[in-house]
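1. based on what follows, work out the 3D shape:
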Amino acid sequence: MTRHLSSLAFMQTFSAKLDVALGNLSIAQYPPDARRTMRKFTSSEVAALLNVTEAYIRQVSLKEQGPSPEVANGRRFYSMEQILELRMHLAQNGRKKWMNPRRVGTEQCQILAITNFKGGSSKTCTTIHLGHYLALKGYRVLAVDLDPQASLTTLHGSLPDFDYREGDTLYSAIRFEDPLPTEQVIHHTHIAGFDVICAGLELTEFETAVALEMRKSGGTSFLLRVSQALEQVADRYDIILMDSAPSLNFLTLSSLTAATGVLIPVPAHMLDVDSTAKFLELAGSYMQILEQVGTSAQWDFAKFLITKFEPNDHPQANMTALMRQVFGKDLLLNSVIKSTAVADVLTWKQSLYEVQRARFSAPKTYDRAIESINAANAEIEELFWKAWGRE
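-> You can find the predicted model right below:
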């Protein structure tokens, strides 16, 4: 049988067409000269974030003891920068313990690897919502995109001076020859306290570079490349989040070595759970080899998180029960529900925290989604506190 379709022509044709179409869509959403801004927050939202009453927030504003909010239609609105300023003001006055949650003393920067080699397990969705949640809580957060598909990078729209084709990714900081200082590949986003290291196709070059390096010198020193790069900037941040690629490659292994904690998102479906079992088996075999050569990863915690959960779906309920039986306390108590609200905001290149509730035609859908995500994020935040030895 004669084949008439050229695989090279097929790949190149549609790669070029998609590149142009997606580029035009991106320009329509965010023109090259446009810069995204974070929405403003009502005084009730600010009160919830700071765990104080709205009356207290109003009192601080009337006494001009904090930032001056924008007033529209009799309502007060605060920018994210003003929320942080207000948080620091209240912390200085000793209003509540840990009003300023940033690490102190000997507390070390927490580096969380969010990983699973099953595509569609919500790694990127988990990373962006956790990162934005922590930034709103007052932490200094760095998100590192380790996936050449660059979904986390794309979700932040047009970043100033970023072009992955010009080496503006983590690979520039972890390559073996002439690596850049890590600070040069960090980008500030439109969200105060939330920075990113972007991804691009050049991240795949790390796999080839490691193979050549191992042939040249042997050993497992490549596993320290990510750790060494992040150590350069760890003092600037409280928490670093790594969004891994859906594969167990050299870069993923290097990120697991750099991590102080691991989070594995898993949808409650048979194929996803089965894939996770294979991921754990393969990762375990690699870790065993690494321990034998004297390179092992030590974590403060490793947890599983159920994602895309549909409470009324009986097969998912049964699979969740199985996972709780197998994983026990290593499975987070809170699950993240499947929601059209989450699907919508990701289409808009945003997280739920960036979008006003009023934008949704069915606000209760937003309420259920944000409640679910907040509960899971709060549980993860507690893990960081335990690692720091806080009450």
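
2. by residue count, tell me the biggest helix in this protein.
-> helix 363-388 (DSSP state H).

3. and it, how far out from the chain's middle?
-> 13 Å (C-alpha atoms, centre = their mean, to the nearest Å).

4. what packs against that helix?
-> With contacts taken as 3 or more C-beta pairs under 8 Å, 6 or more residues apart in numbering; DSSP states H and E, helix 363-388 sits against strand 110-114, helix 123-136, strand 261-267, strand 301-307, helix 340-347. No exception for glycine: its C-beta is placed from N, CA and C like everyone else's.

5. out of these, which is the most enclosed?
-> strand 110-114 (a mean of 27; mean count of other C-beta atoms under 10 Å).

6. list the strands paired with that one, with their directions.
-> Partners of strand 110-114 in the sheet, by DSSP bridges, are strand 239-243 (parallel), strand 261-267 (parallel).

7. average pLDDT across that strand?
-> Mean pLDDT, strand 110-114: 97.

8. relative to strand 301-307, how tilted is that strand?
-> In terms of direction (axes from the mean of the first three to the mean of the last three C-alpha atoms, to 10 degrees), strand 110-114 departs from strand 301-307 by 40 degrees.

9. what does strand 110-114 contact?
-> For strand 110-114, contacts defined as C-beta atoms under 8 Å, 6 or more residues apart in numbering pick out 123, 126-127, 130, 230, 234, 238-244, 255-256, 258-265, 300, 380, 384, 387-388.

10. at 7 Å what do you get?
-> 123, 126-127, 230, 239-244, 255-256, 258-263, 265, 384, 387 (C-beta atoms under 7 Å, 6 or more residues apart in numbering).

11. pull up the gap between residue 356 and residue 45, please.
-> Note on residue 356: its distance to residue 45, by C-beta to C-beta, to the nearest Å, is 10 Å.

12. who's more crowded, those two?
-> The neighbour count for residue 356 versus residue 45, taken as other C-beta atoms under 10 Å, is higher for residue 45 (19 against 13).

13. now that one: which helix or strand?
-> Element membership for residue 45, per DSSP states H and E: helix 43-50.

14. quick check: buried residues in the very next helix or strand once past that helix?
-> Scanning forward in sequence from helix 43-50 by DSSP H and E, the next helix or strand is helix 54-62. Neighbour counts over helix 54-62 (16 or more other C-beta atoms under 10 Å) mark 57, 60-61 as buried.

15. from those, which single one is nearest residue 212?
-> Ranked by distance to residue 212 (C-beta to C-beta), those are led by residue 57 at 57.6 Å.

16. mind listing what the closest one touches?
-> Contacts of residue 57 by C-beta under 7 Å, 6+ apart are 43, 46-47.

17. pull up the per-residue confidence for it.
-> 87.

18. now swap in residue 28 and tell me
-> So residue 28 comes in at 65 (pLDDT).

19. now the residue nearest to residue 252 when sequence neighbours are not counted: how far from residue 311?
-> Using C-beta to C-beta, 6 or more residues apart in numbering and skipping residues adjacent in sequence, the residue nearest residue 252 is residue 244, 5.1 Å away. Going from residue 244 to residue 311 by C-beta to C-beta gives 28 Å.

20. more neighbours, the two?
-> residue 244 (26 against 12).

21. so the more buried one touches residue 115, yeah?
-> Yes - Residue 244 lies in contact with residue 115 (C-beta atoms under 7 Å); the separation is 3.9 Å.

22. overlap in contacts, these two.
-> Jointly contacting residue 244 and residue 115 under the rule C-beta under 7 Å, 6+ apart are 123, 252.

23. give me the element residue 99 is part of.
-> Using DSSP H and E, residue 99 sits within no helix or strand.

24. use 355 as the first number for this chain going forward.
-> Okay, residue one is now 355; in that scheme the one you just asked about reads as residue 453.

25. show me the contacts for it.
-> With C-beta under 7 Å, 6+ apart, residue 453 has these contacts: 441, 444-445.

26. residues contacting the residue lying closest to residue 620 once chain neighbours are set aside?
-> Using C-beta to C-beta, 6+ apart and skipping the chain neighbours, the partner closest in space to residue 620 is residue 630 (5.0 Å). By C-beta under 7 Å, 6+ apart, the residues touching residue 630 are 470, 472, 618, 620.

27. tell me which two of those sit farthest apart.
-> Most distant of the contacts of residue 630, by C-beta to C-beta, are 472 and 618, 9.6 Å apart.

28. tell me the contacts of residue 607?
-> Residue 607 touches 577, 640, counting by C-beta under 7 Å, 6+ apart.

29. residue 678 too?
-> With C-beta under 7 Å, 6+ apart, residue 678 has these contacts: residue 685.

30. what do you get if the cut-off is 10 Å, keeping everything else the same?
-> The neighbourhood of residue 678, defined by C-beta atoms under 10 Å, 6 or more residues apart in numbering, consists of 658, 660, 684-685, 687.

31. cool, and residue 602?
-> Residue 602 neighbours (C-beta under 10 Å, 6+ apart): 469-471, 610, 632-633, 636-637, 639-640.

32. I'd guess it is in a strand, am I close?
-> No - counting by DSSP: H, G, I helix; E, B strand; the rest coil, residue 602 is not part of a strand but coil.

33. returning to what we had before: to residue 529, which of the strands paired with strand 464-468 lies closest?
-> The nearest among these, by C-beta to C-beta, is strand 593-597 at 17.6 Å.

34. would you mind writing the CA trace of that closest one as PDB?
-> Once non-C-alpha atoms are left out, strand 593-597 reads as follows in PDB (Å, rounded to 0.1, in the frame of the first residue of the first chain):
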ATOM      1  CA  ILE A 593       7.400  29.500  48.200                       C
ATOM      2  CA  ILE A 594       8.500  28.300  44.800                       C
ATOM      3  CA  LEU A 595       6.000  26.200  42.700                       C
ATOM      4  CA  MET A 596       7.300  24.000  39.900                       C
ATOM      5  CA  ASP A 597       4.800  23.000  37.200                       C
END
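
35. list the buried residues in it.
-> For strand 593-597, by 16+ other C-beta under 10 Å, it's 593-597.

36. and which of those is nearest to residue 459?
-> residue 593 (16.3 Å).
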